[in-house]
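Q: Next one to model:
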Amino acid sequence: MVYVVIAAISCLIQLVSAVLAAGLIRLTERWLAWSMISAALLFMTVRRFIPLYTMLATGSTASINPTQEYLGLVISILIFAGIIMIRPLFYAIKRSEAISRENEARLEHILNKAPFPIIVHAEGGDILRVNKTLTDLTGFSPAEIPTIDDWIEKTHIKKEAFIASIDRLYTRSENKDDGEFTIRTKDNRQRVWDFISAPLGELPDNRKLVISMASDITGRKQAETHLIEANKQIQEAFDDLIEALARTVETQDEYTASHQRCVTDLSVRIARELNLSEDQVRALRMAATVHDVGKIYVPSEILNKPGPMSTLEFELSKAHTLHGNNILKSVRFPLPIAEIVYQHHERIDGSGYPRGLKSDEIMIEAKILAVADVVNAMSADRPYRPALGIKKALKEIQKNRGTLYDPQVVDVCVRLFEQMDYSFVESRCEEVASSTS
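A: Numbering: from 1, shown residues only. Here you go, the predicted structure:
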């Protein structure tokens, strides 16, 4: 009777194992294999149940083989244990796959909701995903741009620059890369995109994965272009105004016309040797061009007087810096033109006019203009005396280097004339005496 119970238990275990194996069919892609295993276990159960039923019906146990029954029970238990042990693994795989699909769907949702174009691509040039925004903006579907080469060909993006930017990420020499690129859409519209790319990790085949995001800055670039053009027009208007003011002075004093042009040329040369910024050079050029504009308020009889000025006349002449400042500050120049003109007769020891500024209180542009003004004034003819010559002019600024004039500016000015063959004649100013006495 014991062997009958063993046979019954074995049969029951096989039946349960068949049911459990059938349950695994929906958890794995290998459904055919598990279907066959379940069918085999069910067949073994039926095959064991028929003799067992016969024995129970007849009451005869003569056909029982004890060894076979024990072996059958052990095999049934092993099969049952194996299925029980493997089920959690399949459930874990199924959960992992579900989580993966959920994450994939979430990523897809995030990418397609992003308001900016996104490309996910792998080392070797495969484009794994593009979002809806990119498709909407360019007109190219994912199927039309499966690789980076297709993207480059269809959008006419600069190949060398774009490839170089993503190669730096593939080789891990950079953590991110960015750059502006002009692309062409499917309907032949030209757009400017600002790309930023970053590594995402690696694929199972060890290829580097990179995400590239872009923002359409076409509007901003167009606005910048318009702004540059507007600024250019404003600058041209300021230049025209400066030129008009300079010509106004020329009608008052013939000497001043040539003098302002020569002083401008020398001032700019000195400024460039001192590595002043472009804005500083531009401000100095404009200020030098009209640095004596205040003389329109000084009677021409005083300016063109053939002899020395009286004390009163000299005081009236000195007021030209104040008048120049008042004229220029009424115009809203984007650069400190008026202040440079106002300071160009100041001296670093405080002995200048009109405010007696010292050293660092004086703008570097005004210090340059002061030196250029003195050098040209001494080397050129004046109504009340002939030209003193460039040698005496240079000697004057060297003698007062560090007292009246900035040392650096003096050194550069002297070097221009003595070592770099600069001369007022070679510059584009007119009617300058070439005396070197």
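Q: Show me where the stretch 201-350 of the chain dips below the pLDDT cut-off.
A: 246-257 (pLDDT under 70).
Q: Tell me where it has helices.
A: 218-252, 254-273, 278-289, 300-303, 311-318, 320-329, 337-343 (DSSP state H, counting those that start in this stretch).
Q: How far does the fourth one sit from its chain's centre?
A: On the basis of C-alpha atoms, centre = their mean, to the nearest Å, helix 300-303 is displaced by 57 Å from the centre of the chain it belongs to.
Q: ok so, going back, for the helices of the stretch 201-350 of the chain, which one ends up most surrounded?
A: Most buried of the helices of the stretch 201-350 of the chain by mean neighbour count (mean count of other C-beta atoms under 10 Å) is helix 337-343; its value is a mean of 25. All C-beta atoms are positioned from the backbone trio N, CA, C, and that covers glycine.
Q: Which neighbouring elements make contact with that helix?
A: Applying 3 or more C-beta pairs under 8 Å, 6 or more residues apart in numbering; DSSP states H and E, we find helix 337-343 packed against helix 278-289, helix 320-329, helix 364-379.
Q: Can you list the neighbours in contact with it?
A: 242, 283-284, 286-287, 290-291, 293-294, 321-322, 324-325, 327-329, 331, 354-355, 357, 362-363, 365-366, 369 (C-beta atoms under 8 Å, 6 or more residues apart in numbering).
Q: Show me where this protein has its strands.
A: Secondary structure of the chain by DSSP state E: the strands cover 118-122, 127-130, 177-184, 190-202, 208-216.
Q: mind giving me a markdown table with these and columns for mean neighbour count and distance to residue 388?
A: Formatted as a markdown table, those follow (neighbours: other C-beta atoms under 10 Å; distance: least, C-beta to C-beta, whole Å):
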| stretch | mean neighbour count | distance to residue 388 |
| --- | --- | --- |
| strand 118-122 | 21 | 72 |
| strand 127-130 | 18 | 77 |
| strand 177-184 | 16 | 57 |
| strand 190-202 | 16 | 59 |
| strand 208-216 | 20 | 64 |
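Q: Which one, of the helices of the stretch 201-350 of the chain, ends up nearest to residue 395?
A: helix 254-273 (16.6 Å; C-beta to C-beta).
Q: angle of that closest one against helix 218-252?
A: 140 degrees (axes from the mean of the first three to the mean of the last three C-alpha atoms, to 10 degrees).
Q: Please tell me I have it right and residue 166 contacts residue 121.
A: Yes. Assessed by C-beta atoms under 8 Å, residue 166 is found in contact with residue 121 at 7.3 Å.
Q: overlap in contacts of the two?
A: Joint contacts of residue 166 and residue 121 (C-beta under 8 Å, 6+ apart) are 148, 210, 212.
Q: Let me know the closest of these to residue 308.
A: Of all the shared contacts of residue 166 and residue 121, the one sitting nearest residue 308 is residue 212; the distance, using C-beta to C-beta, is 76.6 Å.
Q: re earlier: any chance of TSV for the strands of the chain, columns distance to residue 261?
A: Shown next, in TSV, are those (distance: least, C-beta to C-beta, whole Å):
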stretch	distance to residue 261
strand 118-122	58
strand 127-130	61
strand 177-184	42
strand 190-202	43
strand 208-216	48
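Q: Among these, which comes closest to residue 387?
A: Short answer: strand 177-184, nearest of those by C-beta to C-beta, at 55.7 Å.
Q: so what strands line up beside the closest one?
A: The strands beside strand 177-184 in its sheet (DSSP bridges) come out as strand 190-202 (antiparallel).
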